[in-house]
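# Quick one: sequence and predicted model below, then my questions.
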Amino acid sequence: MLPTIVLVGRPNVGKSTLFNRITRSKSAIVADTPGVTRDRHYGHGRLGERPFLVVDTGGFEPAAADGMVLEMARQTLLAVTEADAVVFLVDAREGLSARDQEVAQRLRSTGQRVWLAVNKAEGLDRAVAGAEFHELGLGQPWPISAAHGDGVGALIEDILAALPIAPVESEQTGERPRIAVVGRPNAGKSTLVNALLGQERLITSSVPGTTRDSITVDFEHRGHSYALIDTAGLRRRARISEAVEKFSVIRALQSIEEANVAILVVDATEGVSDQDGNIAAYVIEAGRAIVVAVNKSDLLSPAERSRLKLDVERRLNFLDFARFHFISAKGGKGLDPLMRSVNEAYRAAFLKMPTPRLTRAVRDAIAAYPPPRKGLSRPKLRYAHQGGSNPPMVVAHGTGVANLPQSYRRYLEGRIRAAFKLHGTPLRIEYRQAENPYVPSTRRSRH
């Protein structure tokens, strides 16, 4: 599993700035917890070949007695207990405060490994910037500047060096699909998991994973083998407090990273929310295939179901390549078509696209609808080949490719999808400018 780094600190010490610095401002998902105005952000980070997850928590007020601030403190502690590493951010300009000491005391009680980052240290002597924070008892302070990036890389490098490297999962097509069931709280994820595991014989019981109880469960459905990337919050709900099921997103993100097909469960009685869209976007960003299960649809009238179908297609229009199924996990209805779509999406994610067929599909698309001219010239695509799988990547070579408008790129994607029946998987197309052999290399290097 990807290591998870949680950023903690009192309000306005620069957590969001550090988050944006680490993730390069590509926040992948927002936890829209009811009643909490300060959202928690989740995103991808990478140092060299080491990917990881980053969590930006709200301002931590451990002494809060009630209300939203208390709820935010609970969420932060939950994120801390699930993390692999905690970065406690303090402000070098304001110096050590009583609230910093309260946060430090609470963090020490969790037993988690903590890195003390002294932010806003630009222009200050490193020894002076961190001197007074030694009394927090959290080890050597790390003077950094989240705004300018000073010291951030070294901090992350030290954190990752202390964490074990997760084994790389094999992604050969001969293996069974690895499925993650994701969605908002109370959408019916647990019910769907139980329906899938209970409907057919459970082949292998749970295999312990990391300290966060991530497990893989092998099961069969209609003669097909699958691996469910499951978590304690889904299968052993009775042992987990409601707060974990309600507030924890880290487990869902981890399961998406480990899976190759995600089933997004949408609550038909609630409709499609922004959070459903955020989760779907995270799945696509992670390059995972996706199938949408609109659960509890048996509770709707025919008219309500028709309206919901239109709303789902409108709100999740960026998933026009995915299959949507109206199911009842509780009643076991619609599971067979759902799992057929899982198989279809898995096959599409690992499909081999021969270069001749791929090039022919691109040329047929151009013959039917040539790319628009840019000035006196028209972009020309000469050939295409597959550059990877899960998700499938196509590399198209030609001239003037930088002038291809987005509308035409979407058109080509649609034609390639149709030619290879790529349902359920993201498709990435990279356009490469072909070099002109008659232009000197020194001149080509300027373009």
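That came through, no problem.
# Could you give the number of residues near the closest residue in space to Ser377 that isn't next to it in sequence?
The shortest distance from Ser377 to any non-neighbouring residue, by CB to CB, 6 or more residues apart in numbering, is to Gly400 (5.8 Å). In this view, the C-beta of every residue, glycine as well, is placed from N, C-alpha and C. Residues lying near Gly400 (other CB atoms under 10 Å) number 18.
# for Gly400, what are its contacts?
Gly400 makes contact with 374, 377-380, 433, according to CB atoms under 8 Å, 6 or more residues apart in numbering.
# What is the nearest of those residues to Gln75?
Closest approach to Gln75 among the contacts of Gly400 (CB to CB): Gln433, at 47.3 Å.
# ok, the closest one - how many residues close by?
Gln433: 14 neighbours (other CB under 10 Å).
# so who does the closest residue to it other than its chain neighbours touch?
The shortest distance from Gln433 to any non-neighbouring residue, by CB to CB, 6+ apart, is to Val401 (5.5 Å). Shown in contact with Val401 (CB under 8 Å, 6+ apart): 379, 381, 431-433.
# Which residue ranges of the stretch 101-250 of the chain form strands?
114-119, 142-143, 178-183, 202-207, 215-221, 224-230 (DSSP state E, counting those that start in this stretch).
# before we move on, back to that, mind checking pLDDT for the residue nearest to Ser377?
Listed pLDDT for Gly400 reads 91.
# before we move on, the earlier item: looking at the strands of the stretch 101-250 of the chain, which has the lowest confidence?
strand 202-207 (a mean of 34).
# Pick out the residue closest to the middle of this protein.
Tyr282 (3.8 Å; CA atoms, centre = their mean).
# How is this structure divided into domains?
Annotated domains of the chain cover 4-161, 178-348, 355-444 [automatic domain parsing].
# Okay, now the unreliable bits of the stretch 251-400 of the chain?
Low-confidence segments of the stretch 251-400 of the chain (pLDDT under 70): 251.
# what ranges do the strands span in it?
261-267, 289-295, 323-326, 380-388, 393-399.
# want to throw these into CSV with mean neighbour count?
CSV is the format used below for the strands of the stretch 251-400 of the chain (neighbours: other CB atoms under 10 Å):
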stretch, mean neighbour count
strand 261-267, 27
strand 289-295, 27
strand 323-326, 19
strand 380-388, 16
strand 393-399, 19
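# Compile those into CSV and extend it with columns for distance to Ile366.
Shown next, in CSV, are those (distance: least, CB to CB, whole Å):
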stretch, distance to Ile366
strand 261-267, 32
strand 289-295, 28
strand 323-326, 29
strand 380-388, 6
strand 393-399, 10
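# Glu135 is nearest to which of those strands?
Closest among these, using CB to CB: strand 261-267, at 46.0 Å.
# For stretch 129-143, give me every contacting residue.
88, 90, 92, 95-96, 100-101, 104, 107-108, 114-118, 121, 124, 126, 150-151, 154-155, 158.
# For it, list every residue counted as buried.
129-130, 133, 136, 138, 141-143 (16 or more other CB atoms under 10 Å).
# Just name the closest of those residues to Pro51, please.
For the buried residues of stretch 129-143, the nearest to Pro51 is Trp142 (21.5 Å; CB to CB).
# Quickly list what that closest one is bridged to.
Ala117 (DSSP bridges).
# Could you check how far it is from Asp150?
For Trp142, the distance to Asp150 equals 11 Å [CB to CB, to the nearest Å].
# wait, isn't the residue nearest to the centre of the chain in contact with Ser255?
No. If you go by CB atoms under 8 Å, Tyr282 and Ser255 don't touch, sitting 11.3 Å apart.
# Need phi/psi at the residue nearest to Ser377.
phi 70, psi 20 (degrees, to the nearest 10).
# What's the separation between it and Lys380?
6 Å.
# What of Asn317?
31 Å.
# what's the answer for Arg108, then?
64 Å.
# what are the ranges of the helices in the stretch 251-400 of the chain?
274-285, 302-315, 335-349, 355-368 (DSSP state H, counting those that start in this stretch).
# And the stretch 51-200 of the chain, by the same measure?
Going by DSSP H, counting those that start in this stretch, the stretch 51-200 of the chain shows helices at 67-82, 98-110, 126-131, 152-161, 189-199.
# CSV for those, including mean pLDDT and distance to Met339?
Listed next are the helices of the stretch 51-200 of the chain as CSV, based on pLDDT from 0 to 100; distance: least, CB to CB, whole Å:
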stretch, mean pLDDT, distance to Met339
helix 67-82, 68, 30
helix 98-110, 89, 40
helix 126-131, 85, 55
helix 152-161, 94, 37
helix 189-199, 80, 8
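# In TSV: the helices of the stretch 251-400 of the chain, plus distance to Leu228.
Below are the helices of the stretch 251-400 of the chain laid out as TSV (distance: least, CB to CB, whole Å):
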stretch	distance to Leu228
helix 274-285	16
helix 302-315	24
helix 335-349	11
helix 355-368	33
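# Quick one, which of these gets closest to Tyr42.
Nearest to Tyr42, of these and by CB to CB, is helix 274-285 at 7.8 Å.
# Show me which residues of that closest one are buried.
275-280, 282-284.
# can you list those residues in CSV and add distance to Leu335?
As requested, these are arranged in CSV below (distance: CB to CB, whole Å):
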residue, distance to Leu335
Gln275, 24
Asp276, 20
Gly277, 24
Asn278, 26
Ile279, 21
Ala280, 21
Tyr282, 24
Val283, 20
Ile284, 24
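# Out of the residues you listed, which is nearest to Glu220?
Scanning the buried residues of helix 274-285 for proximity to Glu220, where the rule is CB to CB, the winner is Val283, at 24.5 Å.
# so that closest one makes contact with Ile263?
No. Taking contacts as CB under 8 Å, Val283 lies outside contact range of Ile263: 9.8 Å.
# and for these two, which residues touch both?
182, 290.
# Spatially nearest residue to Leu404, not counting backbone neighbours?
Pro379 (5.2 Å).
# Tell me how far the one you found lies from Gln406.
Taken as CB to CB, the span from Pro379 to Gln406 is 13 Å.
# what about dumping the CA coordinates of stretch 275-293 to PDB?
In PDB, the C-alpha atoms belonging to stretch 275-293 read as follows (Å, rounded to 0.1, in the frame of the first residue of the first chain):
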ATOM      1  CA  GLN A 275     -18.200  13.900  -3.300                       C
ATOM      2  CA  ASP A 276     -19.300  11.100  -5.600                       C
ATOM      3  CA  GLY A 277     -17.700  13.100  -8.400                       C
ATOM      4  CA  ASN A 278     -14.600  13.700  -6.400                       C
ATOM      5  CA  ILE A 279     -14.200  10.000  -5.700                       C
ATOM      6  CA  ALA A 280     -14.700   9.200  -9.400                       C
ATOM      7  CA  ALA A 281     -12.200  11.800 -10.400                       C
ATOM      8  CA  TYR A 282      -9.700  10.200  -8.000                       C
ATOM      9  CA  VAL A 283     -10.200   6.800  -9.500                       C
ATOM     10  CA  ILE A 284      -9.600   8.200 -13.000                       C
ATOM     11  CA  GLU A 285      -6.500  10.100 -11.900                       C
ATOM     12  CA  ALA A 286      -5.200   6.900 -10.400                       C
ATOM     13  CA  GLY A 287      -5.700   5.300 -13.800                       C
ATOM     14  CA  ARG A 288      -8.100   2.600 -12.500                       C
ATOM     15  CA  ALA A 289     -11.000   1.100 -14.400                       C
ATOM     16  CA  ILE A 290     -14.400   2.000 -13.000                       C
ATOM     17  CA  VAL A 291     -18.000   0.700 -12.800                       C
ATOM     18  CA  VAL A 292     -20.800   2.700 -11.200                       C
ATOM     19  CA  ALA A 293     -23.400   1.000  -9.100                       C
END
